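Participant: Sequence plus the predicted model coming up.
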Amino acid sequence: MRVLVIGGTGKTGSAVARGLRAHGETPVIASRRPSGPDQVHFDWADPGTHDAALRGIDAAYLVAPALVRDPAPRMVPFIDRALARGARRFALLSSSAIDASMPGVGAVHAALAARAPEWTVLRPSWFMQNFSDPQHALGRELRDERTIASSTGDGRIGFIDAEDIAAVAVATLLAPANAALVLTGPEALSYADAAAILSRVLGEAVVHRALTRAAWEAHVIASGMPADYAALLGALEQAIAGGAEDRVTDEVLRRTGRAPRSFEAFARAAFAAAP
């Protein structure tokens, strides 16, 4: 099976590619700057790259273009092109906060469920890797200032390791669920809880800065995030404060046969290299 892996050098896509190779499948890495024999030129914003990327493809792992509030106008036509060229199996990376009734990635979810013969929509909670990624505002502030800013109050989140998301993606590319799967880690934590765990792992204080929604949006806009995308995330922060993400599911265990990694285990691996 030849699987086009969009976002194949990113947090989940790189792990999806590794997992597919381990199962004897052939990942084809979609990249705006291809640099190897297993990579192909692809750009969501350039439909002229899409047909060539789909040549000989049986399945696709779909990741939306970054920082685009409504990716459906780019992604739904691509799904139609993929189907027309013979691809039949898809796994879409969505979000636990977005279902098929919503615009944006939700509309992509709805189109995939209606049109693809074999599909899975992965709806993971917030990535643990955001805390360690220096390109992410959360990771950058944690590294530079030992602070975490949010407008989520005491709201809790089932933070999940990107490796666990990728493991489910691989499992469902091999055996499609024809369903949407909400994926979480083993526990729901507030950002204050996460700060306490990180303080223990790092051996120094990590402070949670509790902001209003307006202040948080201004904060991330100042760090370079587009205003419309900041507003979208601000609404999600507000929903978390109201309890929308306070849940834990067993989908990682059910689909992969192993329990998801805890936040403390992730933190020790990412920051302390502890046994």
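Facilitator: Done, it's in. Numbering: from 1, shown residues only.
Participant: Give the closest residue to residue 58 in space, chain neighbours not counted.
Facilitator: Distances taken as C-beta to C-beta, 6 or more residues apart in numbering place residue 1 nearest to residue 58, at 4.8 Å, with adjacent residues excluded. (C-beta placed from N, C-alpha, C; glycine too.)
Participant: just residue 158 next, same as before
Facilitator: According to C-beta to C-beta, 6+ apart, the nearest residue to residue 158 is residue 184 (2.9 Å).
Participant: just residue 211 next, same as before
Facilitator: Per C-beta to C-beta, 6+ apart, closest to residue 211 is residue 151, 4.9 Å.
Participant: next one: residue 233
Facilitator: Residue 233 sits nearest to residue 220 (C-beta to C-beta, 6+ apart), 7.1 Å away.
Participant: Please apply the same query to residue 229.
Facilitator: residue 67 (5.1 Å).
Participant: so how far is residue 230 from that neighbour?
Facilitator: Between residue 67 and residue 230 the distance is 10 Å, computed by C-beta to C-beta, to the nearest Å.
Participant: Likewise for residue 236?
Facilitator: Distance from residue 236 to residue 230, counting by C-beta to C-beta: 11 Å.
Participant: What about the residue nearest to residue 233, how many residues nearby?
Facilitator: 20 (other C-beta atoms under 10 Å).
Participant: so it, which of the three states?
Facilitator: helix (DSSP: H, G, I helix; E, B strand; the rest coil).
Participant: which residues touch it?
Facilitator: By C-beta atoms under 8 Å, 6 or more residues apart in numbering, the contact list for residue 220 reads 137, 230, 233.
Participant: Swap in 10 Å and give it another go.
Facilitator: Neighbour list for residue 220: 137, 138, 149, 211, 226, 227, 229, 230, 233, 234, 237 [criterion: C-beta atoms under 10 Å, 6 or more residues apart in numbering].
Participant: Report the beta-bridge partner residues of the residue nearest the centre of the chain.
Facilitator: Centroid-nearest residue in the chain: residue 93, 6.0 Å away (criterion: C-alpha atoms, centre = their mean). Residues in a beta bridge with residue 93, per DSSP bridges, are residue 63, residue 122.
Participant: Look up how far residue 171 lies from it.
Facilitator: 14 Å.
Participant: How are the strands of the stretch 151-275 of the chain distributed by residue range?
Facilitator: Along the stretch 151-275 of the chain, counting by DSSP state E, counting those that start in this stretch, strands occupy 179-183, 207-210.
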